[in-house]
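**Q** take a look and give me a structure for this.
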Amino acid sequence: MITHRHCLETNFQTPRFRDQSVLFFANLKSLFLGNTEQMNELIDLVGELDSYGGRLIPILNLLYRSGKNTLVLERMPETSLMQYFVEKLDLELPKIHLMNPQLYESLALESVDTLKELIAEDFTYVDGYVTDEKLNRWAGLLGCEHSCSIEGYRIGNNKTCLHQHLVEVGLPTPDTVVEDCSDRISEALLTLQKKGYQRAVIRAAIGASGIGMIGVDIQAEQSVQVPAMFFHGGPCLVQGWFEKDVLGVESVTSPSVQFFIQDDGIDLFDITSQILSGDSVHEGNYAPPGDYGDPTLTSIMEQAIEVSRWLHENGYRGPGSVDFIVVEMQQGGEMKPYVCEVNARVTGATYPSVLARHLRPDGAWLMRNIRFETRVKGADVLDMLEKGDWLYEKGKSSGVIPINLNSHKDGRVAKGQFLYLNNKIEACSKQLDHMVESLPVRTSIERD
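**A** Predicted structure coming up:
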């Protein structure tokens, strides 16, 4: 029998996670399941993708609790940051092994032998950001189990498969037209225009971080070109865009439920609110997400449980998030929650949520991405935070945790993910504003 626990019952306590050990590949370049055009577009946008895997360093031993884990990265993380995790946060860190992404792609036998020597008998599973055939072959060569099925991962991250499931089980969905051909997109947009929408969004079945998504003003006369890469993972979704003063909408917000799926159960362990750009690109999260009221919150949890059960049935195991849009109507103030998408993987909300609930289960947290307009040394980032008395230490009620520092090819930090802890979300926001104003280098807030 599959059981579930959710955060309404557990007061935002972290779930059991796994008691086993893992060899975890930070294989972010596999994110789009073989769609190289999408991956190249993401690299062009964020620039420092090969250092994003470092975000797993502080949480991997919380997700896999044996304490004998190995994390395979493309670039060496900042030494001073790892020292901070150990000395100030009292975290146990995984072993770090560096591997050139070309060696990962080629399944080089010398790398297999090196990994076998490194990890000896200490691991149970092979896991990664992305579970695909390549990761499955690594598991086979290393003689260990996969923590998740390939099909479970593929279905869980396919927006079209999710939409079809929501329709089948009778859960609410935005007005949607499913199209498998670029030539029929204009007709789908016309259908939404007739329903009264001002804008629409075209969403590829496989997408992330704003890649695979096109916003369209359907009231303007324009020719919409949908790249062929949008159909790499199957049919696209063409959906009406909820916005203020259109179809009686007062406001739109985007909560997200964090989950962890195991063989014998499902844990829903945090509810956050997403911070999105005007183009609906993820820029951060915070928790708690605000007061939605019991009926709305109950509906969100029920829908999240249904989606998590669907993922479990299809073989997905591990962390992820169910993202919602909650539409508040002008007449009567009714709030209508809709499942927007599912990310069945370690997400941009997994890192801060797991850390925050481990260190301050009763507090509030805010995660934002900060770019340094002039690149700085990693040690200098820690030094600036310490001199300003910003750094969080275990046992304190408030402070800032640099989760990861994204370095440029010259080794200097261009960007980082920063977690703010405090008693209330308003205090977290003030911390962010004050810190950004006080740092001796110019910074900006940007996308994940």
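**Q** contacts, neighbours, all on C-alpha from now
**A** Noted.
**Q** I'd guessed Ser111 sits against Gln102; true?
**A** No - taking contacts as C-alpha atoms under 8 Å, Ser111 lies outside contact range of Gln102: 10.9 Å.
**Q** give me the more crowded residue out of these two.
**A** Applying other C-alpha atoms under 10 Å to Ser111 and Gln102 shows that Ser111 carries more neighbours, namely 15 against 10.
**Q** what residue, apart from its backbone neighbours, is nearest that one spatially?
**A** Closest residue to Ser111 apart from its sequence neighbours, by C-alpha to C-alpha, 6 or more residues apart in numbering: Leu103 at 7.2 Å.
**Q** repeat for Leu355
**A** Ile59 (6.6 Å).
**Q** quick one: the one you found from Leu98, how far?
**A** Remark: distance between Ile59 and Leu98 (C-alpha to C-alpha, to the nearest Å) = 18 Å.
**Q** neighbour count for those two, which is higher?
**A** Each of Ile59 and Leu98 has its neighbours counted (other C-alpha under 10 Å); Ile59 has more, 23 against 13.
**Q** which residues are in contact with the more buried one?
**A** Residues counted as contacts of Ile59 (C-alpha atoms under 8 Å, 6 or more residues apart in numbering) are Leu93, Tyr351, Val354, Leu355.
**Q** tell me the pLDDT at it?
**A** pLDDT recorded at Ile59 is 96.
**Q** what about the strands in the stretch 1-150 of the chain?
**A** Under the criterion DSSP state E, counting those that start in this stretch, the stretch 1-150 of the chain contains strands at 3-6, 22-25, 70-73, 95-98, 125-128, 145-146.
**Q** three-state assignment of the residue most central in space within the chain?
**A** Centroid check for the chain by C-alpha atoms, centre = their mean gives Thr347 as the closest residue, at 1.9 Å. Three-state call for Thr347 (DSSP: H, G, I helix; E, B strand; the rest coil): coil.
**Q** distance of it from Glu110?
**A** Plainly put, Thr347 is 31 Å away from Glu110 if you go by C-alpha to C-alpha.
**Q** now swap in Ser223 and tell me
**A** 51 Å.
**Q** and Leu28, by the same measure?
**A** Taking C-alpha to C-alpha, one finds Leu28 at 22 Å from Glu110.
**Q** quick check on these two: which one has the bigger neighbour count.
**A** Leu28 (19 against 10).
**Q** so what's the residue count around the closest residue to the more buried one other than its chain neighbours?
**A** Closest residue to Leu28 apart from its sequence neighbours, by C-alpha to C-alpha, 6+ apart: Tyr129 at 6.1 Å. Using other C-alpha under 10 Å, Tyr129 is surrounded by 20 other residues.
**Q** for the closest residue to Phe259 other than its chain neighbours, list each beta-bridge partner.
**A** Nearest residue to Phe259, sequence neighbours excluded (C-alpha to C-alpha, 6+ apart): Leu268, at 4.3 Å. Leu268 has the following beta-bridge partners by DSSP bridges: His6, Phe259.
**Q** what are the boundaries of the helices in the stretch 101-250 of the chain?
**A** 101-106, 109-119, 133-142, 150-156, 159-169, 185-194 (DSSP state H, counting those that start in this stretch).
**Q** quick one: average pLDDT of stretch 26-38?
**A** On average, stretch 26-38 scores 90.
**Q** check which residues of the top helix by length along the chain are buried.
**A** Determined from DSSP state H, the single longest helix within the chain is helix 294-313. Within helix 294-313, the residues scored as buried using 16 or more other C-alpha atoms under 10 Å are 296-297, 300-301, 303-305, 307-312.
**Q** report the two of those residues separated the most.
**A** Spatial extent of the buried residues of helix 294-313 (C-alpha to C-alpha) is set by the pair Thr296 and His312 at 24.3 Å.
**Q** next one, pLDDT for His4 please.
**A** For His4, the predicted pLDDT is 55.
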